[in-house]
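In: Quick one: sequence and predicted model below, then my questions.
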Amino acid sequence: MTYQQAVDYLFGQLPMYQRLGPVAYKANLDNTIALSNYFGKPEHSFPSIHIAGTNGKGSVSHILSSILQEAGYKTGLATSPHLKDYRERIKINGHNIGEEYIADFVLSNRDFFETLQASFFEIGIAMTFNYFSDEQVDIAVVETGLGGRLDSTNILLPEVSVITNIGLDHTLLLGDTLEKIAREKAGIIKKNTPIVLGRMQHEVFQLFSETANALNAPLTVAADLFTLLSSEQIIRNNWSFQKFVIKDKDGMESLIECDLNGYYQQENVLTALSAVSVLNDQGRFQISSEAIMNGLKRVVDNTGLLGRWQQIGERPMIICDTAHNADGMNFVVSQLKSLPYDLLRIVIGMVSDKNTGSILSLLPHDAIYYFCKPDVPRALDTNSLMSVAGEFGLTGPGFDTVQEAFIQAKADASANDLIFVGGSTFVVAEVL
């Protein structure tokens, strides 16, 4: 079996949430546990950090991986979804899993997968944990796929658990209130294991506090450890980055630089710093200030992170971002408003199981929109997207594909215009 045949099998034969939506969601861990037992519980052979949350969990995962790499640890990184290549989901020290490993893993275990009727994500996580175990990583940073309590990653016994924030997303599966969603995310809190909350949200803090107390899990809110005093966007020698001044709980101020440019990364940086602080306090890992500073400076170089306020063109400036819910889009719109341009052009597509109105209501009226449909079965068709957008005064032409919309936006734009690409991870993936 070749790598391409293995990936085609994973994509084509198995229910995949990213493409199909709720119909592919497994509301239990039965298959995950069966896979773990079959492979000899590989997830117990390496330390880990487990990360859940509505937004930011991917960025926090990559930041932590970069810092741990700079500290000299062989670091596994498991994230989803991928943007360009399936292998992005499984990395060690920034390097994608090998094609041969995937092909051999699928071929060797295909009969068991089919007997079990395992899903795309269940098999992917089993492969991830086996790979990290086989390669003897020092530590793995693992992002949940969806929710937390019933996510296939939730068989880990981590050193630290992290919940970035809670927003309304995947409401069909996780619940239609912040409290219901928080209850699912709180499912990653483990007995006697520290839990870090990235954002203080009074609506759900009591739920997290009670869960942590019941499990004797020490709870830390990032704001208890670090405060952001100032931030500044810097462009130096064609390198764009953010400069932060932060203060720790002892009153010590530090100047740090981070190569992630989205405004929303400010919260993610403080969350990651808090997780590192808690990990250091446990004594098993030693992460120096120098490793932290270098890790923050080199997140993209160390991990290959894509699609987070990523500039992919100049004159016109082209920015893409994977924000795909109201909480994430709020930050994006705020940052768009801060940039200079003659005309804003937005290439946008969405999936059908999102609260379309809550996202579109945030977008600016004075932009020209290029509506499109990403190439996945759960995509919202262009006409439906345009209809909802029209209710919010958002207008522009519609296209059958993302590429057609993107090509037209570039053809229409002048050198001083700004093109933004987003609305869905899949739209960004197709453009990249």
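Out: Arrived safely.
In: In contact with the residue lying closest to residue 149 once chain neighbours are set aside: list those residues for me.
Out: Leaving aside its sequence neighbours, residue 149 sits nearest to residue 187 (CB to CB, 6 or more residues apart in numbering; 2.4 Å). Heads up, the C-betas are built off the backbone N, CA and C, glycines and all. By CB atoms under 8 Å, 6 or more residues apart in numbering, the contact set of residue 187 is 147, 148, 149, 150, 151, 154.
In: what about residue 301, neighbour count?
Out: Residues lying near residue 301 (other CB atoms under 10 Å) number 11.
In: Please identify the helix or strand for it.
Out: Using DSSP states H and E, residue 301 maps to helix 299-303.
In: Restrict that helix to CA atoms and write it as CSV.
Out: Output of helix 299-303 as CSV, limited to C-alpha atoms (Å, rounded to 0.1, in the frame of the first residue of the first chain):
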residue,chain,number,x,y,z
VAL,A,299,6.6,29.2,16.5
VAL,A,300,6.1,29.1,12.7
ASP,A,301,9.7,27.9,12.0
ASN,A,302,9.7,25.3,14.7
THR,A,303,6.2,23.9,14.1
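In: Which positions within that helix qualify as buried?
Out: 299, 300, 302, 303 (16 or more other CB atoms under 10 Å).
In: cool, stretch 93-104 as well?
Out: Result for stretch 93-104 [16+ other CB under 10 Å]: buried residues 93, 94, 96, 97, 99, 101, 102, 103.
In: The fourth one is in contact with residue 131, isn't it?
Out: Yes: A contact is recorded between residue 97 and residue 131 when judged using CB atoms under 8 Å, the distance being 5.7 Å.
In: which residues are common contacts for the two?
Out: With CB under 8 Å, 6+ apart as the test, residue 97 and residue 131 both reach residue 90.
In: circling back: just the ones of the contacts of residue 187 in helices?
Out: Among these, DSSP state H puts none in helices.
In: JSON lines please, covering those and showing distance to residue 178.
Out: Shown next, in JSON lines, are the contacts of residue 187 (distance: CB to CB, whole Å):
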{"residue": "147", "distance to residue 178": "14"}
{"residue": "148", "distance to residue 178": "14"}
{"residue": "149", "distance to residue 178": "16"}
{"residue": "150", "distance to residue 178": "18"}
{"residue": "151", "distance to residue 178": "18"}
{"residue": "154", "distance to residue 178": "20"}
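In: So residue 234 lies in a helix, does it not?
Out: No: looking at residue 234 with DSSP: H, G, I helix; E, B strand; the rest coil, it is strand, so not inside a helix.
In: Quick one: residues contacting it.
Out: With CB under 8 Å, 6+ apart, residue 234 has these contacts: 240, 241, 242, 243, 257.
In: for residue 72, same thing?
Out: residue 291.
In: Let me know how buried residue 66 is, in neighbour terms.
Out: By other CB under 10 Å, the residues close to residue 66 number 32.
In: How about residue 324?
Out: Residue 324 has 21 neighbours, counted by other CB under 10 Å.
In: just to confirm, which helix or strand has the residue positioned nearest the centre of the chain in it?
Out: The geometric centre of the chain, computed from its C-alpha atoms, lies nearest to residue 58 (CA atoms, centre = their mean), at 2.6 Å. According to DSSP H and E, residue 58 maps onto helix 57-70.
In: Could you identify the helix or strand that succeeds that helix?
Out: Moving toward the C-terminus from helix 57-70, the next helix or strand (DSSP H and E) is strand 75-78.
In: Given that next one, what are its sheet partners and their directions?
Out: Its sheet considered, strand 75-78 pairs with strand 90-92 (antiparallel), strand 139-143 (parallel) by DSSP bridges.
In: Could you report the separation of the residue nearest to residue 106 when sequence neighbours are not counted from residue 286?
Out: Nearest non-adjacent residue to residue 106, counting by CB to CB, 6+ apart: residue 6, 4.1 Å away. Going from residue 6 to residue 286 by CB to CB, to the nearest Å gives 38 Å.
In: Comparing the two, which shows the higher neighbour count?
Out: Neighbours per residue (other CB under 10 Å) separate residue 6 from residue 286, with residue 6 holding more: 22 against 11.
In: neighbouring contacts of the particular helix or strand that has the more buried one in it?
Out: Residue 6 is located in helix 3-13, with elements delineated by DSSP H and E. Identification of contacts with helix 3-13 by CB under 8 Å, 6+ apart yields 1, 16, 19, 86, 99-100, 102-103, 105-107, 110, 120, 123-124.
In: can you tell me which of these are in helices?
Out: Counting by DSSP H, the contacts of helix 3-13 contribute 19, 99, 100, 102, 103, 105, 106, 107, 110, 120, 123, 124 to helices.
In: mind checking how far the closest residue to residue 3 other than its chain neighbours is from residue 64?
Out: Once flanking residues are discounted, residue 3 sits nearest to residue 99: 3.5 Å by CB to CB, 6+ apart. Between residue 99 and residue 64 the distance, using CB to CB, works out to 26 Å.
In: No further queries at this time; thank you.
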